[in-house]
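1. Let me see the structure of the following:
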Amino acid sequence: MTISYEQESSGAISSSDVAVEMSVKRNFVVMFSHRMVADIGVSSSLVNDPVCAAQLLNLESVVNIKVSTNVIWENITSRFLLYDIPTTVSLREIAEELTRNNGIEIVEMRRFVKQNNSRETSPVLVTKLGTRLPGYMKIWFTNQKIQSFIDRPHQCAKCYSFVHPSRVCEKTPSCPSCGEIHSGNCQAPQKCINCQGEHSATSRGCPFYIKEQNILELKGRNHLTTAEARRIYNQSAKFIYAAAVKATTPNNNIEGQINEKMESMLLKMNEKIESITQIINAKMEQQATMLVEMFERLVESLLQNLTAINKLGGVTISPSRKKKAVDNLRKASGIPMQLDAESGAFG
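-> Residues are numbered from 1 along each chain as shown. Predicted coordinates for the structure are as follows:
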């Protein structure tokens, strides 16, 4: 098997020898793409037989048209990171160690080392054949926990798009802060050239950045190409939006029904309040009439008592008769009265 060791840039492996080796050990579904000249474009084909894939990879022309072929490795490989690997150990030694201790076939390895870096260890990105990853990898008598490697979104340094690299961009470089084309320090308010939000084009909070990160996660966890992951993600987003719109319509109907029921309840409450008010008013009028009648009877009784008192005022009677007359008046009027014994008059 041919192994690609890279220090800085990554690249796909294109070798019929690899496919031949695969045919001996595993029966993978291999995808290959070939770019045709004369503006025919790029096409891809699925083959179940690795030997057939190896023969297709050796093709140089189809119907007298020159073609170039390559295996799409994302569908048949897995990537993971190893941490704290000594920089003094070559990638070939690391590959041999992993293969010997774990029984895996390594397709590509890449060391993450920055220029002028004096660190003695560095992470190593490993691409192995097969889509299943174990929980651990044994290396140098230790078990290192691993998980699928999810790449970060890459932006064009000219137009800050996520769909192409800077080397193929033909646009005039724009400002990452305001999105306009100018020279010198930017004094304008921040405005993202992608989503038009109030942040720079490189912000990790940008909806476009988050979307691209989700696409790369979908790609890494499901062993898809970037184009496949983008297509599936966009289709899923459209489906979710359609489902949300569909779910919103019944909610609107429910809201209308609730409003109608509330209006009906309020109307019934108003009718009930009016009925109770009418009953209370009728009772109050009845009580008021009774009070007026009682007051009239009281006034009439007082007038009668006053008349009787005036009649008694001119007659000389004994104290006992006066007391008896006062008691009779009290019983008749229901109003307490006082007897002035000194003057012989009632008050």
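2. alpha carbons only for contacts and neighbour counts from here, please
-> OK.
3. Tell me the buried residues in stretch 188-199?
-> Neighbour-count burial for stretch 188-199, with 16 or more other Cα atoms under 10 Å as criterion, is recorded at 190-194, 199.
4. Now the two most distant members of those.
-> Taking every pair in the buried residues of stretch 188-199 and measuring Cα to Cα, the maximum separation is 12.1 Å, between Gln190 and Asn194.
5. Of the buried residues of stretch 188-199, just say which sits nearest to Ala95.
-> Proximity to Ala95 was ranked across the buried residues of stretch 188-199 by Cα to Cα; first place goes to Asn194, at 41.1 Å.
6. confidence score at the closest one?
-> In this prediction, Asn194 carries a pLDDT score of 90.
7. Help me confirm that it comes into contact with Thr202.
-> No. At 9.8 Å, Asn194 does not count as touching Thr202 under the criterion of Cα atoms under 8 Å.
8. Okay, and which of the buried residues of stretch 188-199 map to strands?
-> With strands identified by DSSP state E, none of the entries of these belong to them.
9. For the chain, just list every one of the helices.
-> Listed in chain order, the helices of the chain (DSSP state H) span residues 16-25, 50-57, 91-102, 207-222, 226-313, 319-333.
10. domain parsing for the chain?
-> Each structural domain of the chain that the record assigns through the TED database is listed here as a residue range: 28-74, 76-145, 166-245.
11. the bottom helix or strand of the protein by mean pLDDT?
-> The least trusted helix or strand in the chain, going by mean pLDDT, DSSP states H and E, turns out to be helix 16-25, with a mean of 37.
12. related to what we said a few turns ago, for Ile76, state which of the buried residues of stretch 188-199 is nearest.
-> So of these, ranked by how close each gets to Ile76 (Cα to Cα), first place is Asn194, at 33.2 Å.
13. now that closest one: how far from Asn185?
-> As for Asn194, its distance to Asn185 is 21 Å (criterion: Cα to Cα, to the nearest Å).
14. Likewise for Ala282?
-> Relative to Asn185, and taking Cα to Cα, Ala282 is found at 84 Å.
15. Who has more neighbours out of those two?
-> Residue environment comparison for Ala282 versus Asn185 gives the larger neighbour count to Ala282, 12 against 8, counting by other Cα atoms under 10 Å.
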